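K.L.:
need coordinates for the below:
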Amino acid sequence: MMSIPYYFNKINDYSFFSLSLTIITLASLFWALYAGSIIDGFNRKDVFLGTNFVGGMVILSIASLGFKEEGLPNILIIMVYAITMFGYVIHYPNLYAFSQELSKPKDYAKITSLIEIVGQSTVMGSAVMGTMLLRGVDAFHVPFTDIVMTIHKWDIHEIFLFDAIAYFISFLIILLIRYSPNMKLVISDEGSLYERLKTGYVYLRENRLVALFGVCSYVIFIVVYIEQFALMTPYVLNHLLEDAPVLGLTELMYGLGALFSGVIIQTLFSKMPVLKAVVLLTFLTAAIFLLSSVTCSVIIFINVAFSKGFTNAGSRIFRVTYLFSLIPNELAGRVNSFFNVVNTIFRLIFLAIFTLPFFMKGSNIVYAYGMLSGFCLIAGVILLINYKQFSSLTENIASHDEEH
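P.N.:
Residues are numbered from 1 along each chain as shown. The predicted model follows:
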């Protein structure tokens, strides 16, 4: 996912990539609704297996064509991006619903923290490897040895082959997971797709505070998503005037920040209410995006990447923990699909704005960072204003549990 925007920027066709990203995001708006119904209507381990197998086969086919033709047309490169994005849409809601299904309420925070630790460790590894494959490495000395390695720059279809292999390795690992749910899942497979989706909408309509919290707490994810997939590459190449090594280093630092968040979150969770943590992290994200918009420093941007990783992972852990305690597991997929639809709409709006040629000229990308900072600030204020009402939701659950 780092190689594709880098590729289009290098061939001076980033506008095509930006337009494609907007179209893919629009398509994912409808896919998110259907994905939620799939998550709640099928065995969630089977959902993992199916998405990994399909994703792996599609990307392997495209990579194979690249080897045969010694290159790939832009439309097939974008197709790889699309299949990966569609995979994200179903993978993450399924991952959290699966985790909620297999774990006990007292372990929700611990489980989500561990997911971040494992997930972000792979992000860090892929950032290092991606940088080496995109640019190549001359005379790399393996630490504590006399071995000198040279890594030639990979073509994009070679990177896709490597990606496809990762899908199949993931498929095999998932097969080994012992599926023993902690709760009995009520699978809703009756009625039409519309009727099943409607149950998720009805739940949020009747629990509007849950809906408001879900939307506002997703804002950190929205701005980080937009920054990582649409803004970071032009920021580094056009504003900082740097190249792939800095892109890789920022991805590495982002992963390190997220990993750090996952490691220490247990301490924070025990000392700070979940809601307070989400509010503070939202304001902190607004501040670091504002810092990116008013500076032109590699060092600052690298530290900003670490902070983004920390705030995004931390808010996700706290958000998921809070929503786990409120949303019935049999509705988790559909409810989260509606949250995905809302954040997809916001992403579409920002992508439509940021694909304008103005933002791709020189250092104009910094204005996009300023706008995202303001968006985070608004969400933080809404969370702060409704803080007591949000707190009452979990208090009501706690008192209900004590009575029973």
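K.L.:
keeping just the C-alphas, turn stretch 297-310 into PDB.
P.N.:
Output in PDB follows, covering the C-alpha atoms of stretch 297-310 (Å, rounded to 0.1, in the frame of the first residue of the first chain):
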ATOM      1  CA  SER A 297      11.100  19.600   8.900                       C
ATOM      2  CA  VAL A 298      11.800  15.900   8.400                       C
ATOM      3  CA  ILE A 299      12.600  15.500  12.100                       C
ATOM      4  CA  ILE A 300       9.300  17.000  13.100                       C
ATOM      5  CA  PHE A 301       7.400  15.000  10.600                       C
ATOM      6  CA  ILE A 302       9.000  11.800  11.800                       C
ATOM      7  CA  ASN A 303       8.000  12.600  15.400                       C
ATOM      8  CA  VAL A 304       4.500  13.500  14.200                       C
ATOM      9  CA  ALA A 305       4.300  10.100  12.600                       C
ATOM     10  CA  PHE A 306       5.100   8.500  15.900                       C
ATOM     11  CA  SER A 307       2.400  10.600  17.600                       C
ATOM     12  CA  LYS A 308      -0.200   9.700  15.000                       C
ATOM     13  CA  GLY A 309       0.500   6.000  15.500                       C
ATOM     14  CA  PHE A 310       0.100   6.500  19.200                       C
END
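K.L.:
dump the residue contacts of the closest residue to residue 39 other than its chain neighbours.
P.N.:
Setting aside the residues directly before and after it, residue 39 is nearest to residue 333 in space (Cβ to Cβ, 6 or more residues apart in numbering), at 2.9 Å. In short, each C-beta sits where N, CA and C put it, glycine included. Neighbour list for residue 333: 35-41, 93-94, 97, 200 [criterion: Cβ atoms under 8 Å, 6 or more residues apart in numbering].
K.L.:
I'd like those written out as a markdown table, with pLDDT, secondary structure and distance to residue 206 added.
P.N.:
Below are the contacts of residue 333 laid out as a markdown table (pLDDT from 0 to 100; DSSP: H, G, I helix; E, B strand; the rest coil; distance: Cβ to Cβ, whole Å):
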| residue | pLDDT | secondary structure | distance to residue 206 |
| --- | --- | --- | --- |
| 35 | 83 | helix | 23 |
| 36 | 78 | helix | 17 |
| 37 | 77 | helix | 19 |
| 38 | 83 | helix | 24 |
| 39 | 82 | helix | 21 |
| 40 | 77 | helix | 18 |
| 41 | 77 | helix | 22 |
| 93 | 84 | helix | 21 |
| 94 | 88 | helix | 24 |
| 97 | 82 | helix | 20 |
| 200 | 72 | helix | 11 |
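K.L.:
biggest separation within the residues you listed, which pair?
P.N.:
94 and 200 (14.6 Å; Cβ to Cβ).
K.L.:
re earlier: among the contacts of residue 333, which one lies nearest to residue 236?
P.N.:
Nearest member of those to residue 236, counting by Cβ to Cβ, is residue 93, at 30.5 Å.
K.L.:
ok, the residue nearest to residue 39 to residue 130 distance?
P.N.:
Distance of residue 333 to residue 130, computed by Cβ to Cβ, to the nearest Å: 31 Å.
K.L.:
please apply the same query to residue 385.
P.N.:
When residue 385 is compared with residue 130 (using Cβ to Cβ), they lie 41 Å apart.
K.L.:
so for these two, which residue has more residues nearby?
P.N.:
More crowded of residue 385 and residue 130, by other Cβ atoms under 10 Å: residue 130, with 22 against 9.
K.L.:
hmm, the more buried one is touching residue 248, no?
P.N.:
Yes: between residue 130 and residue 248 there is a contact at 5.9 Å, judged by Cβ atoms under 8 Å.
K.L.:
just the buried members of the contacts of residue 333?
P.N.:
35-41, 93-94, 97, 200 (16 or more other Cβ atoms under 10 Å).
K.L.:
for the one helix or strand residue 279 maps to, list the C-alpha coordinates in PDB.
P.N.:
Assigned by DSSP states H and E, residue 279 belongs to helix 274-294. The C-alpha trace of helix 274-294 is given here as PDB (Å, rounded to 0.1, in the frame of the first residue of the first chain):
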ATOM      1  CA  VAL A 274     -12.000   5.400  28.500                       C
ATOM      2  CA  LEU A 275     -14.000   8.500  27.500                       C
ATOM      3  CA  LYS A 276     -11.400  10.900  28.900                       C
ATOM      4  CA  ALA A 277      -8.700   9.100  27.000                       C
ATOM      5  CA  VAL A 278     -10.600   9.400  23.700                       C
ATOM      6  CA  VAL A 279     -11.200  13.100  24.200                       C
ATOM      7  CA  LEU A 280      -7.500  13.800  25.000                       C
ATOM      8  CA  LEU A 281      -6.300  11.700  22.100                       C
ATOM      9  CA  THR A 282      -8.600  13.600  19.700                       C
ATOM     10  CA  PHE A 283      -7.300  17.000  20.800                       C
ATOM     11  CA  LEU A 284      -3.700  15.700  20.600                       C
ATOM     12  CA  THR A 285      -4.300  14.500  17.000                       C
ATOM     13  CA  ALA A 286      -5.700  18.000  16.100                       C
ATOM     14  CA  ALA A 287      -2.500  19.500  17.500                       C
ATOM     15  CA  ILE A 288      -0.100  17.300  15.600                       C
ATOM     16  CA  PHE A 289      -1.800  17.800  12.300                       C
ATOM     17  CA  LEU A 290      -1.700  21.500  12.900                       C
ATOM     18  CA  LEU A 291       2.100  21.200  13.600                       C
ATOM     19  CA  SER A 292       2.500  19.400  10.300                       C
ATOM     20  CA  SER A 293       0.700  22.200   8.500                       C
ATOM     21  CA  VAL A 294       3.000  25.000   9.900                       C
END
